[in-house]
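J.: got a sequence here, can you model it:
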Amino acid sequence: QLQLVESGGGLVEFGGSLRLSCAASGFTLDYYAITWFRQAPGKEREGVSCINSSDGITDYADSVKGRFTISRDNAKNTVYLQMNSLKPEDTAVYYCAAQLYYCSGYVQTRYEYDYWGQGTQVTVSS
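T.: As a prediction, this is how the structure comes out:
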């Protein structure tokens, strides 16, 4: 089965850290850019960070710059999102999505991404 599986979410205190994982099953991530999105209750889904497939270029939303770091380990077929200095406003369901080769600026049109994960909940207490 071809799918992305997120893990690593949980409950953390203000200022704490979590590392999310996005693992591919049934296909290789080598040729895919991976974008992390998040959706908080009552809010629209927003792009958080993205990493290209091969050149390692990354991008971050202004709200997470300097706190979050995206990385990939193609040998493990996994992309990570290291989240430090977490704030209550980071509370959301986090999703990863895969598209061929390059990030596209968090576009969310229907067919932009080939695969989506099921999401992992991140809750930051104040």
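J.: so C50 sits right up against T35, yeah?
T.: Yes: contact criterion CB atoms under 8 Å: C50 and T35 qualify, at 4.3 Å. Every C-beta, even on glycine, is put in place using the N, C-alpha and C of the backbone.
J.: can you tell me the centre-most residue of this protein?
T.: W36 (2.4 Å; CA atoms, centre = their mean).
J.: which residues does that one contact?
T.: The contact partners of W36, by CB atoms under 8 Å, 6 or more residues apart in numbering, come to 20, 22, 47-50, 70, 81, 94-96.
J.: if you set the cut-off to 6 Å instead, what comes out?
T.: Residues near W36 by CB atoms under 6 Å, 6 or more residues apart in numbering: 48-49, 81, 96.
J.: list the beta-bridge partners for it.
T.: S49, C96 (DSSP bridges).
J.: same check, this time on R19
T.: Taking DSSP bridges as the rule, R19 bridges to Q82.
J.: the closest residue in space to S126 that isn't next to it in sequence: neighbouring residues, count only.
T.: By the measure of CB to CB, 6 or more residues apart in numbering, the closest residue to S126 outside its immediate chain neighbours is P88, 4.7 Å from it. Counted with other CB atoms under 10 Å, the neighbours of P88 add up to 11.
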